[in-house]
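Engineer: Have a look at this fold, sequence not included:
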């Protein structure tokens, strides 16, 4: 039994949900998202609640039950509130600045790195060593944050690089004489 799948998804007043031919659409103040509901999972919309249940007792239906419920919850939260990821730049001379719809990154290379933001993602650089990414789609904001982090991952000796806010980098001891 899925513990996550048992709980219904509560739909706020400023969000509308519709189900047509196996495609669930969520519209909110920040954007529109849709999800194709797979075979083996039933979705029901009653007033301001969305319930998900497996249509059979097969292993695949039970596996998808909680996943689909979590994805629907993410769609509802994303279109009403949105998702934010914060990245920190650690290192001497490491900094970021916004240039239009791109982020100009100084990451210790001989050249600046210009990272273009995809549609639906906005960024803020309140401090030169901090980047805040915001989007209504949880998958896109996580993917963009991972791509920026991969430009200069934190290294284990001095801890320099791009890391998520609150990420703990395990440090190694240096060479001994």
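Structural biologist: That came through fine. Here the structure is a predicted model, which means the values were calculated and not measured. Numbers count the residues shown, from 1 in each chain.
Engineer: hey, which strand is longest across the protein?
Structural biologist: Of all the elements of type strand in the chain, the one with the most residues (DSSP state E) is strand 83-90.
Engineer: Show me what that strand is in contact with.
Structural biologist: Contacts with strand 83-90, where a contact means Cβ atoms under 8 Å, 6 or more residues apart in numbering, come from 77, 95-96, 105, 107, 128-138, 141-142, 144-145, 148-149, 154, 159-165, 167. Placement of C-beta: from N, CA and C, glycine included.
Engineer: now swap in stretch 120-127 and tell me
Structural biologist: Contacting residues not belonging to stretch 120-127 are listed as 31, 96-98, 103, 117, 131-137, 140-141, 144 [Cβ under 8 Å, 6+ apart].
Engineer: what about burial for those, which qualify?
Structural biologist: When burial is judged by neighbour count using 16 or more other Cβ atoms under 10 Å, the buried members of those are 96, 103, 117, 131, 133, 134, 135, 136, 137, 140, 141, 144.
Engineer: What is the nearest of those residues to residue 27?
Structural biologist: Distance to residue 27 across those (Cβ to Cβ) is lowest for residue 136, with 10.7 Å.
Engineer: Check which helices and strands the worst-scoring helix or strand of the chain on mean pLDDT is in contact with.
Structural biologist: The element with the least model confidence among the helices and strands of the chain, by mean pLDDT, DSSP states H and E, is helix 3-6, at a mean of 82. Secondary structure elements in contact with helix 3-6, counted by 3 or more Cβ pairs under 8 Å, 6 or more residues apart in numbering; DSSP states H and E, are strand 49-54, helix 59-80.
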